[in-house]
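S.K.: Sequence and computational prediction follow.
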Amino acid sequence: MPKTGKRKKEKKIRYFDYTLLFIIIFLVGFGLVMLYSTSSYTAATRFGDSAYYLQKQLRAVILGFGAMIIISVIDYHFWMRISAFAYAFSFFLCLAVIFIGRNYNGSTRWIYLGGVSFQPSEIAKIATIIFLSALINRIPGQMGKFSSILKLILIAFPMIAVIALNNLSTAIIILGITIVIIFVASPKYLPFGMIAAIGVALAGVFVLTAGYRLDRIKIWLNPEDYEKGYQTLQGLYAIGSGGLFGKGLGESMQKLGYLPEAQNDMIFSIICEELGLFGAICVILLYIILIWRFMVIATNAKDLYGSLVVSGILAHIAIQVILNIAVVTNTIPNTGITLPFISYGGTSLSILLAEMGLALNVAKQIRLTPAE
């Protein structure tokens with residue numbers, strides 16, 4: 001073989017995560033099927049249209065997939081440049097909820113503009129991810145210092161505090177996202193043990209200083225003794241009656257007015273009732289595969305910023321899935337958290353799909369060198 005005198009240039013292959021894309025599409029499609037099955041009776045009774053919730057969710061799906069496609073082709077470094085503005089704007093919207101927010105089912109979490117409602121706290125999740133990732137990307141060498149970790153938590157604290165006033169569950173998720181992003185960037189573990197201890201102490205004070213939060217603990221421990229434990233009990237009845245393979249799609253009894261707002265936080269209980277333990281495990285496995293793909297992308301990302309962004313998205317999905325299933329099974333007190341891609345909620349679904357577009361763009365910039 002003749003020598004060319006020059007080293008052959010390595011050819012790099014552009015990567016695209018088709019597995020991640022397929023899981024996203026499957027989860028959204030499955031979610032629409034389960035949403036219609038769960039909400040059709042309530043929608044027909046309340047609005048005279050069994051597809052009322054499905055139609056609203058479909059609009060969010062179209063908007064979300066449009067956002068996902070657009071964001072997936074925009075270089076993710078663009079969001080780093082506008083991250084401070086995005087964070088400040090989302091903070092302003094969350095603050096505005098306190099003054100002009102609309103109340104629904106006892107919670108003030110929505111803003112209505114031009115006939116359209118949305119939850120600013122959902123926007124705050126993605127804003128927090130890109131903003132903290134951008135901050136850490138500027139000071140990677142300082143992440144071993146406890147002072148740097150503390151400063152980042154204090155920067156995120158105003159957002160968490162404002163959201164916690166009306167939406168404690170989302171505040172918990174954003175706090176979790178913050179801790180995970182910082183943890184991934186930090187080479188030391190000891191500071192997080194100290195932070196965890198402080199967090200547990202503050203959580204105890206937070207619960208004891210508000211009577212209604214203490215009531216939630218009591219309801220969680222003995223739901224049968226309280227009127228507000230009705231939803232939890234009905235959810236557990238649904239899970240228990242599903243058995244191994246369920247009653248069949250569309251055959252749930254609890255969704256027929258027994259389980260309040262089943263299409264929202266409690267939709268996993270209807271999945272268990274209609275598809276049984278087998279269906280529930282399949283759904284959990286899909287989430288595990290989704291999280292695994294995020295781990296692969298974060299590990300192989302082009303730079304630290306991309307890795308941190310995907311780690312934040314991973315934290316968002318993982319924390320929300322774990323908390324939702326824990327609430328439905330009464331493992332933790334009821335906190336009102338939706339199941340990603342499946343529960344009813346237009347803002348949540350649209351933002352989740354936008355985040356998927358961000359993860360896909362980070363994945364697209366991974367370069368693979370083929371073996372010779």
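M.R.: Received, thanks.
S.K.: could you pull out the helices for the stretch 1-150 of the chain?
M.R.: With DSSP state H, counting those that start in this stretch as the criterion, the stretch 1-150 of the chain has helices at 18-47, 52-73, 77-81, 83-100, 120-138, 146-164.
S.K.: So which of the ones you listed is the most surrounded?
M.R.: Highest mean neighbour count of these: helix 120-138, a mean of 24 (counted as mean count of other CB atoms under 10 Å). C-beta here means a position set from N, CA and C on the backbone, and glycine is covered the same way.
S.K.: tell me the angle of that one relative to helix 52-73?
M.R.: Using axes from the mean of the first three to the mean of the last three CA atoms, to 10 degrees, the direction of helix 120-138 lies 20 degrees away from that of helix 52-73.
S.K.: same question for helix 120-138, mean pLDDT?
M.R.: Averaging pLDDT along helix 120-138 yields 95.
S.K.: Helix 83-100 and that helix, what's the angle between them?
M.R.: Using the same axes, to 10 degrees: helix 120-138 against helix 83-100 is 150 degrees.
S.K.: tell me the contacts of the closest residue to residue 24 other than its chain neighbours?
M.R.: The spatial neighbour of residue 24 that comes closest, neighbours along the chain excluded (CB to CB, 6 or more residues apart in numbering), is residue 356 at 5.2 Å. Residue 356 makes contact with 20, 24, 68, 313, according to CB atoms under 8 Å, 6 or more residues apart in numbering.
S.K.: and of those residues, the nearest to residue 122?
M.R.: Nearest to residue 122 out of those is residue 313 (CB to CB; 13.5 Å).
S.K.: any idea which element the closest one lies in?
M.R.: Per DSSP states H and E: residue 313 is located in helix 304-328.
S.K.: pull the longest helix from this protein.
M.R.: In the chain, taking DSSP state H as the definition, the longest helix is helix 267-300.
S.K.: What residues sit buried inside that helix?
M.R.: Residues of helix 267-300 classed as buried by neighbour count (16 or more other CB atoms under 10 Å): 267-276, 279-280, 283, 286-287, 290-291, 293-294, 296-298, 300.
S.K.: pLDDT on it, on average?
M.R.: In this model, helix 267-300 has a mean pLDDT of 96.
S.K.: and that helix, how far out from the chain's middle?
M.R.: 13 Å (CA atoms, centre = their mean, to the nearest Å).
S.K.: Does anything pack onto it? Which helices or strands?
M.R.: Contacts defined by 3 or more CB pairs under 8 Å, 6 or more residues apart in numbering; DSSP states H and E place helix 267-300 against helix 18-47, helix 230-242, helix 304-328, helix 346-364.
S.K.: which of those has the lowest average pLDDT?
M.R.: For the helices and strands packed on helix 267-300, where the average pLDDT is lowest is helix 230-242, sitting at a mean of 91.
S.K.: Chain neighbours aside, what residue packs nearest to residue 329?
M.R.: In this structure, residue 329 finds its nearest non-sequential neighbour in residue 239, 6.8 Å apart by CB to CB, 6+ apart.
S.K.: I'd say the one you found and residue 267 touch.
M.R.: No: contact status for residue 239 versus residue 267: not in contact, 11.9 Å apart, counting by CB atoms under 8 Å.
S.K.: picking up where we left off before, what angle sits between the helix holding residue 313 and helix 120-138?
M.R.: Using the same axes, to 10 degrees: helix 304-328 against helix 120-138 is 140 degrees.
S.K.: ok, residue 318 - contacts?
M.R.: With contacts defined as CB under 8 Å, 6+ apart, residue 318 is in contact with 287, 291.
S.K.: For the longest strand along the chain, which helices and strands make contact with it?
M.R.: Ranked by residue count and defined by DSSP state E, the top strand of the chain is strand 107-113. Using 3+ CB pairs under 8 Å, 6+ apart, the elements in contact with strand 107-113 are helix 83-100, strand 102-104, strand 116-118.
S.K.: Distance from it to the middle of the chain?
M.R.: Offset of strand 107-113 from its chain centre (CA atoms, centre = their mean): 19 Å.
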